[in-house]
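**Student:** Have a look at this prediction, sequence included:
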Amino acid sequence: MGLTKYKLGDLLELSDKRNETLEYGINDVKGISIQKIFIETKADMTNVSLRPYYLVSPDDFAYVTVTSRNGEKITIAHNNTQNTYIVSSSYVVFRVNRQDILLSDFLFMYFNRPEFDRYARFNSWGSARETFSWDEMCDIDIDLPPIEIQQKYVDVYNAMLANQQSYERGLEDLKIACTGYIERLRRSSETFPIGDFIEPYIEKNVDGAITLEQGINIDKQFITPQRSNSNLTGRRIVRHGMFAYCTQLNNENVAIAYRTGEDCVVSSVYDIFQITRKDRLLPEYLMLWLIRPEFGRFVYWASEGSAYEFLNYNNLANYKIPVPDLKIQHAVGDIYLSYVDRKYINDRLKERIKNMCPILIKGSLEEAGV
């Protein structure tokens, strides 16, 4: 059968449809993560006109040209839904215009490989900001197997993706159950400031004994920092069972998480606290309240500052939650722990599917090259 080499630009076309009639609103605005998926926008949309925003129709691609300070990745995503999104005019929107030669899903598998991230970074140009331009995208040489072989490997990819998405829907059902239960508690129970049950904790890694460095993202999870520091002496220690949060707001929210793994160290921009009244308040139950959007709104209201806004401990301690009997907290906390476990499995599934992309692309090329 053999492979055929093409310039990628010969198989693509730009899309410049804009939201001029305001058919699409704020709920349709999307951003793109370095995981190469569309996400809810983190931009402040106050008084922003949506007329110049590009439409991303079903089967379209969108990407951000800037690659510097982006985790050595390019943010690009494929709209594989039946919905139309809108994205900032700083994005590039395009589609495959030769579906008889190149399947959109096959192209997205191609984009999902680490090799493509490295290619995009190497071919980015600029000084203050490096960009991977549309011209550079079009100049890519791509070897393609026949369409039927592409379809064979796309079917494998989509089958794995469907299984993961089915699992993820069950995960969301679990989250809704948690949210509904604690909402009933909020309406029916007396509330108390969490400062009645917690206290600050300050311990520094003076001897450098702890070598695991962590950060926290706005999804309220501990993560490995993109840029690690080899000298961890003097960093703040977070012990198992403690909470840590970044005092500086991030997109009107706070990065806060409960530590269940091994002890770690975090930057000095984080504050740490622990529960002192575990006979009254369980950490898993408290974390359920800290992941709610309502907590994000409280944080935005309670933070102080001008150019940068900060949440100090005293303001955090004023956050009020209902504190029911421990049996009820245990029941709700068990649901939360189940959600956390399943979310971890789901994230691993996503990562494994992504890691399969270079294997599937290689397999398709080898099969066609026989």
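**Tutor:** Looks like it came in fine.

**Student:** Please parse the protein into its domains.
**Tutor:** For the chain, automatic domain parsing gives the domain ranges 4-144, 190-323.

**Student:** Endpoints of the shortest one, how far apart?
**Tutor:** Which is domain 190-323. Start and end residues of domain 190-323 are separated by 7 Å (C-alpha to C-alpha, to the nearest Å).

**Student:** one step back: among the domains of the chain, show the one with the smallest mean pLDDT.
**Tutor:** Note on the domains of the chain: lowest mean pLDDT is at domain 190-323, with a mean of 86.

**Student:** picking that back up, let me have the domains of the chain in CSV, adding distance to Glu366 and mean neighbour count as columns.
**Tutor:** Yep, even glycine has a C-beta here, placed from its N, CA and C like the rest. CSV is the format used below for the domains of the chain (distance: least, C-beta to C-beta, whole Å; neighbours: other C-beta atoms under 10 Å):
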stretch, distance to Glu366, mean neighbour count
domain 4-144, 11, 16
domain 190-323, 34, 16
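
**Student:** nearest to Ala331, of those domains?
**Tutor:** Of all these, domain 190-323 sits nearest to Ala331, with 9.4 Å by C-beta to C-beta.

**Student:** just to revisit the earlier point, can you redo the domains of the chain as JSON lines with distance to Tyr167?
**Tutor:** Formatted as JSON lines, the domains of the chain follow (distance: least, C-beta to C-beta, whole Å):
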{"stretch": "domain 4-144", "distance to Tyr167": "16"}
{"stretch": "domain 190-323", "distance to Tyr167": "18"}
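
**Student:** so which of these comes closest to Ser364?
**Tutor:** Closest to Ser364 of those is domain 4-144 (C-beta to C-beta; 7.7 Å).

**Student:** tell me how far that closest one is from the chain's mean position?
**Tutor:** 17 Å (C-alpha atoms, centre = their mean, to the nearest Å).

**Student:** Likewise for stretch 138-154?
**Tutor:** Distance of stretch 138-154 from its chain centroid, counting by C-alpha atoms, centre = their mean, is 29 Å.

**Student:** can you give me the end-to-end distance of it?
**Tutor:** The first residue of stretch 138-154 is 22 Å away from its last residue (C-alpha to C-alpha).

**Student:** go on, stretch 130-144?
**Tutor:** Start-to-end span of stretch 130-144 (C-alpha to C-alpha) is 29 Å.

**Student:** Then stretch 39-59?
**Tutor:** The first residue of stretch 39-59 is 16 Å away from its last residue (C-alpha to C-alpha).

**Student:** Helices of this protein, start to end?
**Tutor:** Assigned by DSSP state H, the helices in the chain fall at 104-111, 114-122, 134-138, 147-188, 283-290, 293-302, 313-317, 326-369.

**Student:** that older thread, nearest approach to Asp334 belongs to which of the domains of the chain?
**Tutor:** Nearest of these to Asp334, taken as C-beta to C-beta: domain 190-323 at 7.8 Å.

**Student:** quick one on the thing from earlier: as a markdown table, the helices of the chain with distance to Ser49 would be great.
**Tutor:** Below are those laid out as a markdown table (distance: least, C-beta to C-beta, whole Å):
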| stretch | distance to Ser49 |
| --- | --- |
| helix 104-111 | 30 |
| helix 114-122 | 30 |
| helix 134-138 | 24 |
| helix 147-188 | 32 |
| helix 283-290 | 35 |
| helix 293-302 | 24 |
| helix 313-317 | 34 |
| helix 326-369 | 34 |
